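Peer 1: Let's see this in three dimensions:
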Amino acid sequence: MTKKTRATASRAGKRPKSAASGRKTAPRRSSTPGSRPPAVSNGTKATIRRLKAQLARTQAQIEELQASADTDFLLGIPNRRGFERELNRAIAYIKRYRAGGALVVLDVDRLKPINDAFGHAAGDQVLKAIVTTLLAQVRASDVVGRLGGDEFALLLWNLSETDARAKAAALEEAIDRLTFEFDGRTITAGASAGVSVLDTHSEAGRALEAADSAMYVRKALRRHEANSKARFAPCPPSDKRRRRWWARLRFAHPTNLRSAIATTR
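Peer 2: This next block holds a predicted model:
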């Protein structure tokens, strides 16, 4: 056999290496039915439970902070931020579903004099009574909020302008009937309300401005009516002397006015 033949036979007898034969293969996992993942220790389970409890407490605190940021801490109703959020949602709903509603802005007439004369605790008592009255006058679907100080706002669903104005007048009357006893004196607060109708063209900021402007007009009118009543109201009948003086003064001719005043002294 020649050298060339032996070299050829030697190369033919060797098995060629594949490309994959030179690589290291990862060990295969056992596929036996009885294999299980490694067991978790009791210490690890306790740590997981503790972390879950901490996460739940943190989430509860976040929700509580979010709620307190939108709620008046004294009265338990939405503050300005919370009410404006509800108003924006309501207007979006009205525009989408062609619904309707009304916005009422209500201002307490004599809260500052009550605070000055009897202290802020008395003023807080008045505010709480007013909120209780407002909530009793509206439906569960309506929203009552405090815009700040002595000013409140009410979001009333599905009311026409006529019905909304009638409701505003009813709210004023209900608050006018409230009486309070401070230092042996009977005090009334009173309130003035303005109305803005909500429709598909409404915007939250403009609606609040319109209702607020209507409220101030109503407040000026109520103040004028109160001054007129005080100016022309008769004297109490229990005081006979003042009653006689008032009767003579009312029916005296202008030329005899001085003598009528003189004879009643």
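Peer 1: Please name the nearest non-neighbouring residue to Ala170.
Peer 2: Gln137 (6.5 Å; C-beta to C-beta, 6 or more residues apart in numbering). Where you see a C-beta, it was placed from the backbone N, CA and C, and this is true even at glycine.
Peer 1: Thought Leu171 was touching the one you found, still the case?
Peer 2: Yes - contact criterion C-beta atoms under 8 Å: Gln137 and Leu171 qualify, at 5.8 Å.
Peer 1: of these two, who's got more company?
Peer 2: Neighbour totals were compared for Gln137 and Leu171, and Leu171 leads with 22 against 16 (other C-beta atoms under 10 Å).
Peer 1: what about that one, distance to Glu151?
Peer 2: Separation of Leu171 from Glu151 (C-beta to C-beta, to the nearest Å): 13 Å.
Peer 1: Touching both of these two, which residues are there?
Peer 2: Leu106 (C-beta atoms under 8 Å, 6 or more residues apart in numbering).
Peer 1: ok, the residue nearest to Ala170 - contacts?
Peer 2: Lys167, Ala170, Leu171, Ala174.
Peer 1: okay if I get those as CSV plus distance to Phe180?
Peer 2: Output for the contacts of Gln137, formatted as CSV (distance: C-beta to C-beta, whole Å):
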residue, distance to Phe180
Lys167, 24
Ala170, 21
Leu171, 18
Ala174, 15
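Peer 1: Out of those residues, grab the one that's most surrounded.
Peer 2: In the contacts of Gln137, the most neighbours by other C-beta under 10 Å go to Leu171, 22 neighbours.
Peer 1: Where does the prediction get shaky in the stretch 1-150 of the chain?
Peer 2: Counting by pLDDT under 70, the ranges of the stretch 1-150 of the chain that qualify are 1-40, 63-68.
Peer 1: For Asp107, the count of nearby residues, please.
Peer 2: 20.
Peer 1: From Ala220, how far off is Ala191?
Peer 2: 14 Å.
Peer 1: These two: which has the busier surroundings?
Peer 2: Ala191 (28 against 11).
Peer 1: Just the helices from the stretch 1-150 of the chain, written as ranges.
Peer 2: Taking DSSP state H, counting those that start in this stretch as the test, the helices found in the stretch 1-150 of the chain are 3-13, 42-69, 80-97, 111-118, 120-137.
Peer 1: and the helix or strand harbouring Arg206, what does it pack onto?
Peer 2: Following DSSP states H and E, one finds Arg206 within helix 204-232. In this structure, helix 204-232 makes packing contacts with helix 80-97, strand 101-108, strand 191-198, judged by 3 or more C-beta pairs under 8 Å, 6 or more residues apart in numbering; DSSP states H and E.
Peer 1: which of the residues in the longest one are buried?
Peer 2: Of the residues in helix 80-97, those with enough neighbours to count as buried (16 or more other C-beta atoms under 10 Å) are Arg80, Gly82, Phe83, Glu84, Glu86, Leu87, Ala90, Ile91, Ile94.
Peer 1: I'd say the third one and Asp142 touch.
Peer 2: No - here Phe83 lies out of contact with Asp142, judged by C-beta under 8 Å, at a distance of 11.6 Å.
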